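Student: Let me see the structure of the following:
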Amino acid sequence: MTDQMILSIRRPDDWHVHLRDNAVMRSVLPYTAAQFARAIVMPNLSPPVTTVEAGAAYRERILAAVPQGVSFTPLITAYLTDASDGEELARGFTEGVFTAAKLYPAHATTGSAHGVTNVANIMPALEHMARIGMPLLIHGEVTDSHVDIFDREAVFIERTLSKLVRDLPELRVVFEHITTADAVAFVDDASDNIAATITPQHLHINRNAMFEGGIRPHAYCLPVAKREVHRLALRKAATSGSAKYFLGTDSAPHDKSAKESACGCAGIFNAPFAMESYAAVFEEEDALDRLEAFASENGPRFYRMPPNEDRVTLERVDTPVPSLLALDGVSVVPFHAGETLRWRYKA
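Tutor: Residues are numbered from 1 along each chain as shown. Purely as a prediction, here's the structure:
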């Protein structure tokens, strides 16, 4: 930090993003590439990325869409199904196509219909991943209809995740987009093989945001925002300086019409102002000196990659967020739409 108004940090990475595909991907990718040097790209396409060949082809489509003169590396993940093969995952990992594999419980979120119905079905694949050091990324919620949606993360920890890390202690796990104090306690108490990503929206909003003055579909994501006690626990974890927590936006674009429908899609598009959003939280928590570790160092360390050498700045300048981004193939309401953020990101 050179003074109170300008913060200089290593260029950050996004360890959880949805870029979609085709025209939508080409429209939203420049926002992620403008802020982040690398990004873990989610595989829940249609059809999902389940083979090495599909992963390599998706990576090529992303690279072809990176704006000229911009340096950006997509890190592709494999989509786990009940039939996932450990040898195929290992081949993708060894060849540098797959950085990690993603566990979606079947029907937990957008594009998860082909996901895992029972973790027991993929234990041979997970055992193979543990042997080779391939990270497992988890959307940690149960999907039972009788479990309250606000309790599904806590139940997943008790029912599934605790047993998994006990049975496979060498497996390296990222508990993605955590939303509860229960998740924070679990990660804090776990071994160094367990880490977690935290989104900007779960640091800024609690569940009231979905219901203020009516239904607010643009505040709806999965996992849903929880009670205020959980938001405060996430803010404490993110700004604590613990190496177990790092940046993962879970930026997920949907067309405005798909969000504002009778059955609105889950997902918040925060990529355009992600770092400005995180900086606001760290400033409010008097922890700007810890933002670089959270955004630029902890993630590479867990993934066993070098941190970025180039630097970026965050300048203390009011930055208005547009109410709508009309892009090719999609019109998206961004996170913080119509608000003014107190920071501006400069690559």
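
Student: so where do the strands sit in the stretch 51-200 of the chain?
Tutor: Counting by DSSP state E, counting those that start in this stretch, the stretch 51-200 of the chain has these strands, from start to end: 73-79, 98-103, 136-138, 173-175, 194-198.

Student: now those strands in CSV, with mean pLDDT, distance to residue 210 and mean neighbour count?
Tutor: Heads up, the C-betas are built off the backbone N, CA and C, glycines and all. Converted to CSV, the strands of the stretch 51-200 of the chain look like this (pLDDT from 0 to 100; distance: least, Cβ to Cβ, whole Å; neighbours: other Cβ atoms under 10 Å):
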stretch, mean pLDDT, distance to residue 210, mean neighbour count
strand 73-79, 98, 28, 23
strand 98-103, 98, 25, 25
strand 136-138, 98, 24, 26
strand 173-175, 98, 23, 26
strand 194-198, 99, 19, 25
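
Student: Identify the residues contacting residue 160.
Tutor: Listed by Cβ atoms under 8 Å, 6 or more residues apart in numbering, the contact set of residue 160 reads 119, 140, 142.

Student: what's the closest of those residues to residue 62?
Tutor: Nearest to residue 62, judged by Cβ to Cβ, of these is residue 140 at 26.0 Å.

Student: nearest residue to that closest one other than its sequence neighbours?
Tutor: Among residues not flanking residue 140 along the chain, residue 156 sits closest, at 4.6 Å (Cβ to Cβ, 6 or more residues apart in numbering).

Student: The one you found: what's it in contact with?
Tutor: 105, 140, 141, 142.

Student: Would you mind checking these for buried ones?
Tutor: Among the contacts of residue 156, those that count as buried by neighbour count (16 or more other Cβ atoms under 10 Å) are 105, 140, 141, 142.

Student: Would you agree the third one is in contact with residue 112?
Tutor: Looking back up the chat, that one is residue 141. No - contact between residue 141 and residue 112 fails when scored by Cβ atoms under 8 Å: they sit 10.0 Å apart.

Student: Now for the two: what residues contact both?
Tutor: In contact with both residue 141 and residue 112: residue 105, using Cβ under 8 Å, 6+ apart.

Student: thinking again about what came up before, any chance of the strands of the stretch 51-200 of the chain in a markdown table, plus distance to residue 18?
Tutor: Putting those into a markdown table (distance: least, Cβ to Cβ, whole Å) gives the following:
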| stretch | distance to residue 18 |
| --- | --- |
| strand 73-79 | 11 |
| strand 98-103 | 11 |
| strand 136-138 | 13 |
| strand 173-175 | 16 |
| strand 194-198 | 13 |
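
Student: So for residue 44, which of those sits nearest?
Tutor: strand 73-79 (6.3 Å).

Student: Could you point out which residue ranges in this protein have low pLDDT?
Tutor: Applying pLDDT under 70 to the chain flags the ranges 1-4.

Student: Apply 90 and report the result again.
Tutor: 1-5, 106-114, 328-329, 347 (pLDDT under 90).

Student: Helices of that one, start to end?
Tutor: 22-35, 52-65, 86-94, 123-132, 152-156, 162-167, 181-189, 200-204, 228-238, 256-259, 274-284, 291-292, 298-303 (DSSP state H).

Student: So which bits of the first one are buried?
Tutor: Counting neighbours by 16+ other Cβ under 10 Å, one finds that the buried residues in helix 22-35 are 24, 25, 26, 27, 28, 29, 30, 31, 32, 33, 34, 35.

Student: Likewise for the fourth one?
Tutor: Within helix 123-132, the residues that qualify as buried by neighbour count (16+ other Cβ under 10 Å) are 125, 126, 128, 129, 130.

Student: so what secondary structure elements neighbour it?
Tutor: Packed against helix 123-132, as judged by 3 or more Cβ pairs under 8 Å, 6 or more residues apart in numbering; DSSP states H and E, are the following elements: helix 86-94.

Student: Enumerate the positions of the helix it packs on that are buried.
Tutor: By neighbour count on 16+ other Cβ under 10 Å, the buried set for helix 86-94 is 86, 88, 89, 90, 92, 93.

Student: Next, the angle from it to helix 123-132.
Tutor: Using axes from the mean of the first three to the mean of the last three Cα atoms, to 10 degrees, the direction of helix 86-94 lies 30 degrees away from that of helix 123-132.

Student: So which elements touch helix 86-94?
Tutor: By 3+ Cβ pairs under 8 Å, 6+ apart, helix 86-94 packs against helix 52-65, strand 73-79, strand 98-103, helix 123-132.

Student: how distant is the last one from the center of its chain?
Tutor: On the basis of Cα atoms, centre = their mean, to the nearest Å, helix 123-132 sits 23 Å off its chain's mean C-alpha point.

Student: Also the shortest one?
Tutor: From the chain centre to the centre of strand 98-103 is a distance of 13 Å (Cα atoms, centre = their mean).

Student: Same check on the longest one?
Tutor: Averaging C-alpha coordinates over helix 52-65 and over its chain gives two centres that are 19 Å apart (Cα atoms, centre = their mean).
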